[in-house]
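[1] Predicted model and sequence below, questions to follow.
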Amino acid sequence: MMPIDTPAEFRSGLPTRPAGVSRKGAPLALFLVSMSLIVAVWYWLASPVLLDHALIDPAKKLDCVSYAPFRSGQTPWNSDIVIKPEQIAEDLNQLAEVSNCIRTYSVENGLDKVPQLASKVGLKVILGIWLGRDRVKNAALADTAVSLARGYKGTVTSVIVGSEVLLRGEMTVADLREIIRSVRARIDTPITYADSWDYWLRYKEMAADVDFVTIHMLPFWEDEPIRAEDAAAHVIDIYRKVALAFPGKSILIGEAGWPSKGRMREVSLPSRINQARFISELLDRAAYEKIRVNVFEAYDEPWKRQWEGTVGAHWGLFDGVTREIKHAAGTAISNYPFWKLQLGAGLAFGASIFLVALLTLWRRPSPIGLASWLAVSACATTGGILLGLAAEKTAYENYGIAGMFNQGLLLTAAITLPLLCANALMAGRPLPTFGELVGAREGWPSSLPALLLGFVLVATTLVTVEIALGLVFDSRSRYFPFASLTMAAVPVWTVALLCRRKPDIGVTAEAVFAGLLVAAALLLFLNEGVHNWQSLWTAAAFVMFGAALWPPHPIAVWSALSLRRQERAVQPMAVASLPQPASQAGAAGGLIAASKVECDK
C-alpha cells in the first residue's frame, strides 16, 4: 500500500513517466498532436463538393419555386402583419433571375399584391388559398383569390385551393370538395388541391373536382426517412405510382426539397451538400422524364423554427436573413462555409486549455504523470474540434425561447468546463459534490477554481437533464446537442476518473441525475434507432456525463463494503477487544486506506 504522502500520479495506479520527461517532452508532443488533429478534422469536415452543373443557373431557370415573403420577426400566424409591397418586389426581382414561376400559399399578409408585382418582372404565379377550420375566413380568402385570378389571367396560371388541410385534419373531405367546386365554378383558371402524396392515394375521389393533381414529396419527412443520396430516385418512383393511380390527370410535384440545417431523422441528414445534391439530381431526372417540379422553397423561413425546430427554418435556396444564394453557380459547396473561422477559434481554445494546465503547474510545481497530460490533451482536442460546431448549432439550432436559453447555457458550460477541469487535473483536485455546494458556506471548496467548477457542474447537469428529458418526450423538432455535450462531458469524465472522491462522501443527487441520463440515453437509442449518428453520439455523451457523476470508483466502494461486512461479522462474537494478529491488523488498515484513496490536494 502506498504511503499517504505519495504523489497522486503514483497512487492512481496509471502509467507514469519521469517528472522531467512529463513536464518537458510529453506536454509539447501532446500539444502538437492535439493541434494537428484539430486542423485535420476541420479540413475533412469542410471538404467541398462540386456538382456536375450549377443548382441554380440563370441560363436554365427553375420551372417554379415556392415563395413566402416572411423575414425575421414576421409570421403568417399574425393576420395583422402586412408585408410591404417593396419587400415583396425586392424578392421577386431576385427570383425572376433564377425561376420562371413562383408558388404562393395564401392571399393574406400582403400576398394579394404578388400577382401584380410578379407581372412586372415576368414571373408566372401558382396562386394558393390557405384553408383552415374557419369557414367564414375560408370563403373570404377564396373570393380574394377568384378576383386575382380573373384580374391577372396572364400571370396566374393556376389556383391551389388548400394546402395539406387534410393532412392537418382541419377540414373534412366533403367540406374541402365543396369549396373547390365553388372556386372552380367562378374562374377559367385551372384548379388543384395540394397535399402529401399518400393523402391523395387515400382520398382518390378528390381528383374529380380538380384539373390536375398536386402532390408534396419531402423525403426527409417520410414515415420512413430516405437517405439524401436515394431521395431523387424515391421521388420519381412515387410520382410514377401516383400517376398510375390517376390516369388521365396531369401530376405536378408541388413540393420537393431538402433542409440545409437541423437534426437527423434516422438516415436523413440535413446539410448544404445534401440539399444541393438532392435538388440537382431531381431536376435532372424530372427534365429527362418531362415531369413538372416546384422546388420547395425560395427562402429560408426563420419563423418556422419556433414550431418545427431548425429543420423547418432551412429549406430555402436563399438564406432567409441575408437573402444570399446558398449554392452559387461555379463554386464548390461546403457544409461549413466559415470553417476557417471555426478552425481558428478551435485552435485558440485548445491552446488555452494547455495554457491553463501549465499555469496551474507553475503555481504548484510537482511531478505530474502522463495520464494527467493525456487527459488535458483529450480536453483540448475535443474542445478544439467541436467548438466551431457547437457555436454554429447554438446560433441556428433551438426550439423556442427555452431552447435558445438552454443551448446558450450549455455552450457557455462547454467552454468553461474544459478550462476548469484542466486546472483540477493539474492540481489533483476531485470534482466538488453537490452536497458541498448546497450546504453551509463553510463547507464549500476552499479554492475559487474548485468553487467555480462545482457551480458550473451543477448548472450543466440541470441543463443536460432537461435536454435529455425533452428529447425523450418531445423529440420531433428538438436538436441533438452532441457537440456541446461532448465538450462538457469529456473533461468532467477525465477528472472523475483520475481524481476520485472519497467513497463515504454523499453523492445521492449525482447518482439520481446519472441514472436519469443513462435512462434517457437508452430511450433515445430505442426511439431514434441505429442509423441516426447524431442521436447515438448524443446518447453516448449522456452516458459519459452520467458516468462522471456516478459515485466513486467501484473498487473503492467494494473495499468499503467488504470492511463493513467484516465488522458486522466480528461484533456478534464479542472479540472486538481482543488483540488482532499483525497480519489481520495490516489487512484491515489496508482496506481502510483503500477506501479513502483520493487525488492529492
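    Now that the structure is in, tell me what you want to look at.
[2] Next, give phi and psi for E255.
    In terms of degrees, to the nearest 10, the main-chain angles of E255 are phi -150, psi 130.
[3] Also H216?
    phi -100, psi 130.
[4] could you measure it against A424, distance?
    Distance of H216 to A424, given as C-beta to C-beta, to the nearest Å: 54 Å. C-betas here are computed from N, CA, C, even on glycine.
[5] Who has more neighbours out of those two?
    Between H216 and A424, counting by other C-beta atoms under 10 Å, A424 is the more crowded of the two (28 against 22).
[6] Verify the assumption that the more buried one is located in a helix.
    Yes. Per DSSP: H, G, I helix; E, B strand; the rest coil, A424 lies within a helix segment.
[7] Just say helix, strand or coil for the nearest residue to G132 once chain neighbours are set aside.
    The shortest distance from G132 to any non-neighbouring residue, by C-beta to C-beta, 6 or more residues apart in numbering, is to E170 (5.1 Å). Using three-state DSSP, the structure places E170 in coil.
[8] can you pull the contacts of E170?
    L131, G132, R133 (C-beta atoms under 8 Å, 6 or more residues apart in numbering).
[9] Name the residues of whichever strand or helix holds G470 that are buried.
    In this assignment (DSSP states H and E), G470 forms part of helix 448-473. Residues of helix 448-473 classed as buried: 449-454, 456-458, 460-461, 463-465, 467-468, 470-472 (neighbour count, 16 or more other C-beta atoms under 10 Å).
[10] Just give me the neighbour total for W221.
    That count, for W221 with other C-beta under 10 Å as the rule, works out to 15.
[11] In the chain, spot the strand with the most residues.
    strand 156-163 (DSSP state E).
[12] Check which helices and strands that one sits against.
    strand 124-129, helix 135-151, helix 173-184, strand 191-196 (3 or more C-beta pairs under 8 Å, 6 or more residues apart in numbering; DSSP states H and E).
[13] Let me have these in TSV, extended by mean neighbour count, distance to C499 and mean pLDDT.
    As requested, the helices and strands packed on strand 156-163 are exported to TSV (neighbours: other C-beta atoms under 10 Å; distance: least, C-beta to C-beta, whole Å; pLDDT from 0 to 100):
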stretch	mean neighbour count	distance to C499	mean pLDDT
strand 124-129	26	62	98
helix 135-151	17	65	97
helix 173-184	17	66	97
strand 191-196	24	55	98
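[14] could I get those as JSON lines with distance to Y299?
    Output for the helices and strands packed on strand 156-163, formatted as JSON lines (distance: least, C-beta to C-beta, whole Å):
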{"stretch": "strand 124-129", "distance to Y299": "16"}
{"stretch": "helix 135-151", "distance to Y299": "22"}
{"stretch": "helix 173-184", "distance to Y299": "27"}
{"stretch": "strand 191-196", "distance to Y299": "19"}
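[15] and of these, who's closest to I325?
    Proximity to I325 (C-beta to C-beta) singles out strand 124-129 among the helices and strands packed on strand 156-163, at 21.1 Å.
[16] Geometric centre of this protein: which residue is closest?
    Y479 (3.4 Å; C-alpha atoms, centre = their mean).
[17] which residue ranges form the helices in the stretch 151-300 of the chain?
    173-184, 197-202, 228-245, 272-289 (DSSP state H, counting those that start in this stretch).
[18] Quick one, which of these gets closest to R265.
    helix 228-245 (11.4 Å).
[19] ok, and for the closest one, which residues are buried?
    A228, A231, A232, H234, V235, I236, I238, Y239, V242.
[20] which residues are contacting it?
    197, 200-201, 204, 213, 215, 217, 219-220, 222, 226, 251, 253, 256, 258, 268-269, 271, 274, 277-278, 281-282, 284-286, 289, 291.
[21] Then stretch 509-523?
    Under C-beta under 8 Å, 6+ apart, the answer for stretch 509-523 is 433-435, 461, 464-465, 468-469, 471-472, 538-540, 542-543, 545-547, 549-551.
[22] average pLDDT across it?
    Averaged across stretch 509-523, pLDDT comes to 92.
[23] would you put the C-alpha positions of it in PDB?
    Taking C-alpha atoms only, stretch 509-523 is exported to PDB below (Å, rounded to 0.1, in the frame of the first residue of the first chain):
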ATOM      1  CA  ALA A 509     -28.100  13.800  -6.100                       C
ATOM      2  CA  GLU A 510     -25.300  12.900  -8.500                       C
ATOM      3  CA  ALA A 511     -26.500   9.300  -8.600                       C
ATOM      4  CA  VAL A 512     -30.100  10.300  -9.300                       C
ATOM      5  CA  PHE A 513     -29.000  12.600 -12.200                       C
ATOM      6  CA  ALA A 514     -26.700   9.900 -13.600                       C
ATOM      7  CA  GLY A 515     -29.500   7.400 -13.600                       C
ATOM      8  CA  LEU A 516     -31.800   9.800 -15.400                       C
ATOM      9  CA  LEU A 517     -29.100  10.500 -18.100                       C
ATOM     10  CA  VAL A 518     -28.400   6.800 -18.700                       C
ATOM     11  CA  ALA A 519     -32.100   6.000 -18.900                       C
ATOM     12  CA  ALA A 520     -32.600   8.900 -21.300                       C
ATOM     13  CA  ALA A 521     -29.700   7.600 -23.400                       C
ATOM     14  CA  LEU A 522     -31.300   4.200 -23.600                       C
ATOM     15  CA  LEU A 523     -34.800   5.600 -24.600                       C
END
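[24] Please state the offset of that stretch from the chain centre?
    21 Å (C-alpha atoms, centre = their mean, to the nearest Å).
[25] Buried residues of it, list them for me.
    A509, E510, F513, A514, L516, L517, V518, A520, A521, L523.
[26] Kindly report the same for stretch 343-353.
    L343, G346, L347, F349, G350, A351, S352, I353.
[27] Excluding chain neighbours, what is closest to the second one?
    In other words, G346. The nearest residue in space to G346 (C-beta to C-beta, 6+ apart) is G384, at 3.9 Å.
[28] now swap in the first one and tell me
    Here the nearest residue to L343 in space, its sequence neighbours aside, is W42; by C-beta to C-beta, 6+ apart that works out to 4.3 Å.
[29] what's the answer for the last one, then?
    Take I353 and drop its neighbours on the chain: the residue closest to it by C-beta to C-beta, 6+ apart is A380, 4.1 Å away.
[30] same for the host helix or strand of the one you found, what does it pack against?
    Using DSSP H and E, A380 maps to helix 370-396. Helices and strands touching helix 370-396, by 3+ C-beta pairs under 8 Å, 6+ apart, are helix 19-45, helix 339-363, helix 400-427, helix 482-498.
[31] Least reliable of these by average pLDDT, please.
    helix 19-45 (a mean of 84).
[32] coming back round to it: separation between the residue nearest to G346 and A351?
    G384 is 8 Å from A351, by C-beta to C-beta.
[33] which neighbours do those two share?
    Common neighbours of G384 and A351 (C-beta under 8 Å, 6+ apart) are M35.
[34] returning to that earlier point: same list (the helices of the stretch 151-300 of the chain) but as a markdown table, adding distance to L32.
    Formatted as a markdown table, those follow (distance: least, C-beta to C-beta, whole Å):
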| stretch | distance to L32 |
| --- | --- |
| helix 173-184 | 67 |
| helix 197-202 | 55 |
| helix 228-245 | 37 |
| helix 272-289 | 31 |
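[35] Ok, which of those helices comes nearest I401?
    Closest among those, using C-beta to C-beta: helix 272-289, at 27.0 Å.
[36] Could the C-alpha coordinates of that closest one be exported in CSV?
    C-alpha atoms of helix 272-289 as CSV (Å, rounded to 0.1, in the frame of the first residue of the first chain):
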residue,chain,number,x,y,z
ARG,A,272,-26.0,22.2,-47.6
ILE,A,273,-24.3,19.5,-49.7
ASN,A,274,-27.3,17.1,-49.3
GLN,A,275,-29.7,19.9,-50.2
ALA,A,276,-27.8,20.8,-53.4
ARG,A,277,-27.3,17.1,-54.4
PHE,A,278,-31.0,16.2,-54.0
ILE,A,279,-32.4,19.1,-55.9
SER,A,280,-29.8,18.9,-58.7
GLU,A,281,-30.4,15.2,-59.2
LEU,A,282,-34.2,15.6,-59.0
LEU,A,283,-34.3,18.4,-61.6
ASP,A,284,-32.1,16.3,-63.9
ARG,A,285,-34.4,13.3,-63.7
ALA,A,286,-37.5,15.5,-64.0
ALA,A,287,-36.2,17.2,-67.1
TYR,A,288,-35.4,13.8,-68.7
GLU,A,289,-38.9,12.4,-68.0
